[in-house]
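Trainee: After the sequence you'll find the predicted model.
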Amino acid sequence: MRYQADQKTKAREALVKAATKALRKNGFNGIGVDGLAASAGVTSGAFYSNFANKEALLGEVIDANLGQPFVDPDSGTLAERHERLKGYLKMYISAQHCADPENGCVMPTLSADVARSSDAVRQVYRERMRELVGKIVRALGGEARDADSRAWTIVTLMVGAVSVARALPKGPEAKAVLDAALQRAIALIDER
């Protein structure tokens with residue numbers, strides 16, 4: 001049987017796309033290779049022709065998704081960049097984001113899995129995280145060292161708040177976690 005020349009590439013793209021949703025929803029240990037392959041509409045053989053193992057796919061998912069999408073940190077005045085960043089944070093640190101992990105950010109659902117992964121996966125995470133922090137630094141403006149510290153704090157508030165709020169029962173405590181984190185993150189943007 002002859003295969004189309006780009007079949008392997010299409011299978012890889014389908015695996016990364018499907019795995020992104022499946023891993024965000026179920027976590028790394030919540031779905032196996034067969035389930036990941038089925039969610040992408042490919043065979044387990046196609047999975048292994050593209051990835052050595054599930055952890056290699058995790059690295060690819062992190063590489064493709066961490067920090068995506070993000071506001072443009074370079075256009076507009078400082079005040080405009082701050083307002084866009086605040087809007088992004090209001091979307092990110094929200095009950096809606098908490099309720100939809102399958103379509104949300106990979107950081108709250110997969111950071112703990114990455115921490116238990118190989119150095120190669122952790123290095124990809126580090127690189128993408130540094131890119132995200134760099135974008136926030138540029139959006140914040142100001143003295144680089146101070147902006148870097150504020151950016152890391154903002155990322156920590158984002159990921160931590162969503163992770164904790166998702167772990168709590170829905171209700172006033174989860175809302176309080178999100179509200180407190182958002183309020184502090186916005187205050188960090190306004191610091192001069």
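Mentor: All right, it came through fine.
Trainee: who's in contact with the residue nearest to the spatial centre of the chain?
Mentor: Per Cα atoms, centre = their mean, the C-alpha nearest to the average position across the chain is that of Val106, at 3.1 Å. Residues near Val106 by Cβ atoms under 8 Å, 6 or more residues apart in numbering: Thr20, Leu23, Arg24, Val61, Ile62, Asn65, Leu66. Backbone N, C-alpha and C define where each C-beta goes, glycine included.
Trainee: Now the one helix or strand the second one maps to: buried residues?
Mentor: Right, the one you point to is Leu23. Element membership for Leu23 (DSSP states H and E) is helix 7-26. The neighbour-count check on helix 7-26 (16 or more other Cβ atoms under 10 Å) flags 11-12, 14-16, 18-20, 22-26 as buried.
Trainee: so for it, what's the average pLDDT?
Mentor: Averaged over helix 7-26, pLDDT sits at 90.
Trainee: outside of that helix, which residues touch it?
Mentor: Applying Cβ under 8 Å, 6+ apart, the contact partners of helix 7-26 are 4, 30-31, 35-37, 39-42, 46-47, 49-51, 57-58, 60-61, 64-65, 101-106, 109-110, 113.
Trainee: Ok, stretch 37-48 next?
Mentor: Counting by Cβ under 8 Å, 6+ apart, 8, 11, 14-15, 17-19, 21-22, 31, 33-34, 36, 57 sit against stretch 37-48.
Trainee: Pick out whichever of the contacts of Val106 sits closest to Tyr88.
Mentor: Leu66 (14.9 Å; Cβ to Cβ).
Trainee: residues touching that closest one, list them.
Mentor: Contact analysis of Leu66 by Cβ under 8 Å, 6+ apart lists Val106, Met107, Tyr125, Arg128, Met129, Leu132.
Trainee: hmm, try it at 10 Å
Mentor: If you count contacts by Cβ atoms under 10 Å, 6 or more residues apart in numbering, Leu66 has them with 105-107, 110-111, 114, 124-129, 131-132.
Trainee: ok, now how distant is it from Arg130?
Mentor: Per Cβ to Cβ, to the nearest Å, Leu66 is found 10 Å from Arg130.
Trainee: repeat for Ile189
Mentor: The value you get for Ile189 to Arg130, if Cβ to Cβ is used, is 20 Å.
Trainee: Longest helix in this structure, please.
Mentor: Counting residues, the longest helix found in the chain (DSSP state H) is helix 144-167.
Trainee: what's it packed up against?
Mentor: In terms of contacts (3 or more Cβ pairs under 10 Å, 6 or more residues apart in numbering; DSSP states H and E), helix 144-167 is packed against helix 78-92, helix 95-99, helix 106-115, helix 119-140, helix 172-190.
Trainee: Do me a favour and average the pLDDT over it.
Mentor: 96.
Trainee: Also stretch 180-192?
Mentor: For stretch 180-192, the mean pLDDT works out to 93.
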